[in-house]
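Trainee: No sequence on hand, only this structure:
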C-alpha cells in the first residue's frame, strides 16, 4: 500500500448486495423451497465439512498451562529492573525520568546522595494496580534499567507483590552467573542501532 | 416359571442397566470428543489420559452435588419426573434383542429380556411415556422457561410419534409380525428392509428423521431453550436428578439406534459373531450420526419443525403406507 492510499480519506464504498431470493408467498412455493433445500445436498455438504475437519485433525487448541503461545518481543508485561553485566550493580541511576513521564502516576521513587556523593535509589515502587502498561517508563529510561519483561501472568494473593524495586530487580546471583537476558522489547536499543545513529554535528 | 428363568432374567436386567448406564457416560465423553474434533478443538484432556476419566469426574460431581428442590415447585412431581425419563428409557430396552443368542458354559443365553410378541409396539409405547419426564418436570418447576420448553417438547414429541408409527407400519405390513426377532429373521432371509423395498427405504429415512425428534437431538433439539441460554425443562434440576434426565436421553439414543438397526438394517443377520459385530457397528454408526449432525446442522425453528412433520413427513408416510398396501395386494 502506498502512502497516497492511506492519506486518501474518501472512503470507497465497495458494498455489494447479498443475493437473497424472493421469499415464497404461497404454500406450494414453500413446499418447493423445502424440497429444493432438502434434496440439493446442502445438508450433506455440512456433514462433509465437519467430517473433513475431523479427519484432517488440525487441532488449534493450546493447552495453556502446559503450552504457551509466544509473545511478541515488544510485549509490555510486568516491569523488570536490570543490572549491569560486568559489576552486577543496579543500572538505575535515580534520574527520575520514569516517575516524571508516568501518565498514570504509579511510579514513586526516593533517592539520596550517598557517602561517595553518588545518587542512590532508596525506594522504588510501581503501583501495578494503576499502571496501564503504556511503556513510557521503559522508553524514557536512559540506562535501559527499567524494561518490560515477558511475564504476563500476574496472579498473586495481593497486588503489592509486584511493586517493589527488589522484586523487579534481577537477583544478584543470576546477574553474577550472567543469566540476565538483555531485553529486546519496548524501549530497548534496536539491534542495528550503531549503523542507524547519526553523528551529532558539533558545528552548531 | 422356573427359577433358572427368573435368575437369568434378573441377571440380564442388571447387565442391561449397568452396561447402558455406563454407555450413557461414555456417550457424553464421545460426544464431547467428536464435537471437539469436528470444531478443531481437543475436548476434555485433563482428567486421566486423553480425558478418559472425565466420566468418573462427572459422575462424582453429579452424585455428590446438593439436590436442590426450589421453593414453589410441586414437590412429588418435580422429584419423580427425572425418574420417569430414565426408567422408561430402560424399560423400552426390555424388548430389544441386543445380540444373537449364544451359548456360554453349555447354557443358551437369549440377550433379550422379554421376547413379547408385540415387541416394537411395546418399545414405542414405553418411549412415548418417556415424554412425561420432560413434560412433568417442566410443568412442576415453577419456571416459565421450563414450562415453555416442556410444552414445546411435548408438542414435537407427540407430532413425531405419528411419523414414527406410520413409518413403522410399512415394515410391519411387509413382515406381518411385531416381534423384533421376527424382523431380524425376515431380513436375514430376504435382505435388509431399507434396501430390499423402496417403500422400506422411505420409511427408514422417515423413521430416522423422527428418531431425532423422539430423542430430542440437535436438528430438533427444542426441548432445551438454547436461544434463551437456559437448559429448558432441566433448568431447575441439579445433581443426580439432572443426571437421570441425562442418562435417560443417552440411553434413549442407544436404544433407538438399536431399533433402527434391527428394524431397517438387518439387525444381527444370521446370528453369527460377524452378525453380532455388524449390529454393534450399525448401532455405533447411528449413535455417531447423532453426534455428527449436532456438529454440522443448525436447529430448526419450532414452527418449521411442526410444518415439516404435519405437511411433509406425515403425508409422505401415509402415501408410503398406501402404496405398500397396494403393492402387497397385487
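Mentor: Sure thing, it's come through. These numbers come from a predicted model, not from an experiment.
Trainee: Counting by contacts, list what the strand or helix carrying residue B:323 packs against.
Mentor: Using DSSP states H and E, residue B:323 sits in helix B:314-329. Counting contacts by 3 or more CB pairs under 8 Å, 6 or more residues apart in numbering or on different chains; DSSP states H and E, helix B:314-329 packs against helix B:144-175, helix B:198-215. C-beta coordinates here come from the backbone N, C-alpha and C atoms, glycine included.
Trainee: Is chain A within reach of the last one?
Mentor: No - with CB under 8 Å from any CB of the partner chain as the measure, helix B:198-215 is seen stopping short of chain A, the closest distance being 10.3 Å.
Trainee: Give the buried residues for that helix.
Mentor: Going by neighbour count (16 or more other CB atoms under 10 Å in any protein chain shown), the buried part of helix B:198-215 is B:199-215.
Trainee: Now do the longest helix along chain A, average pLDDT.
Mentor: For chain A, the helix that runs over the most residues, judged by DSSP state H, is helix A:42-56. Mean pLDDT, helix A:42-56: 90.
Trainee: for stretch B:169-177, same thing?
Mentor: Average pLDDT, stretch B:169-177: 90.
Trainee: For residue A:126, see how far away the residue nearest to the spatial centre of chain A is.
Mentor: Most central in chain A under CA atoms, centre = their mean is residue A:75, positioned 2.8 Å from the mean C-alpha point. Distance from residue A:75 to residue A:126, counting by CB to CB, to the nearest Å: 17 Å.
Trainee: do the same with residue B:18
Mentor: 61 Å.
Trainee: Please say which of the two ends up with more neighbours.
Mentor: residue A:126 (25 against 10; other CB atoms under 10 Å in any protein chain shown).
Trainee: Show me the beta-bridge partners of that one.
Mentor: For residue A:126, the beta-bridge partners are residue A:107 (DSSP bridges).
Trainee: That one touches residue A:168, doesn't it?
Mentor: Yes - at 7.4 Å, residue A:126 and residue A:168 qualify as touching, with contact defined as CB atoms under 8 Å.
Trainee: Any residue of the helix or strand harbouring residue B:283 touching chain A?
Mentor: In the assignment (DSSP H and E), residue B:283 maps to helix B:273-296. Yes - Helix B:273-296 lies within reach of chain A by CB under 8 Å from any CB, at B:292-293, B:295-296.
Trainee: can you give me the strands for the chain?
Mentor: This is for chain A. If DSSP state E is used as the criterion, the strands of chain A fall at A:79-81, A:107-113, A:119-126, A:146-148.
Trainee: try again with chain B
Mentor: B:102-104, B:107-109.
Trainee: need the ones you listed in CSV with mean neighbour count, distance to chain A and mean pLDDT, can you?
Mentor: What follows is the strands of chain B, written out as CSV (neighbours: other CB atoms under 10 Å in any protein chain shown; distance: least, CB to the nearest CB, whole Å; pLDDT from 0 to 100):
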stretch, mean neighbour count, distance to chain A, mean pLDDT
strand B:102-104, 9, 35, 78
strand B:107-109, 11, 37, 78
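Trainee: In this structure residue B:137 contacts residue B:83, no?
Mentor: No - using CB under 8 Å, residue B:137 is not in contact with residue B:83; the gap is 10.2 Å.
Trainee: between these two, which one's more packed in?
Mentor: Between residue B:137 and residue B:83, residue B:137 has the larger neighbour count (other CB under 10 Å), namely 31 against 14.
Trainee: so who does that one touch?
Mentor: B:78, B:81-82, B:85, B:146, B:150, B:233-234, B:237, B:245 (CB atoms under 8 Å, 6 or more residues apart in numbering or on different chains).
Trainee: what's the answer for residue B:200, then?
Mentor: Residues near residue B:200 by CB under 8 Å, 6+ apart: B:170-171, B:174, B:193-194, B:264.
Trainee: Model confidence score at it, please.
Mentor: Predicted confidence (pLDDT) for residue B:200: 89.
Trainee: Okay then, goodbye and thanks.
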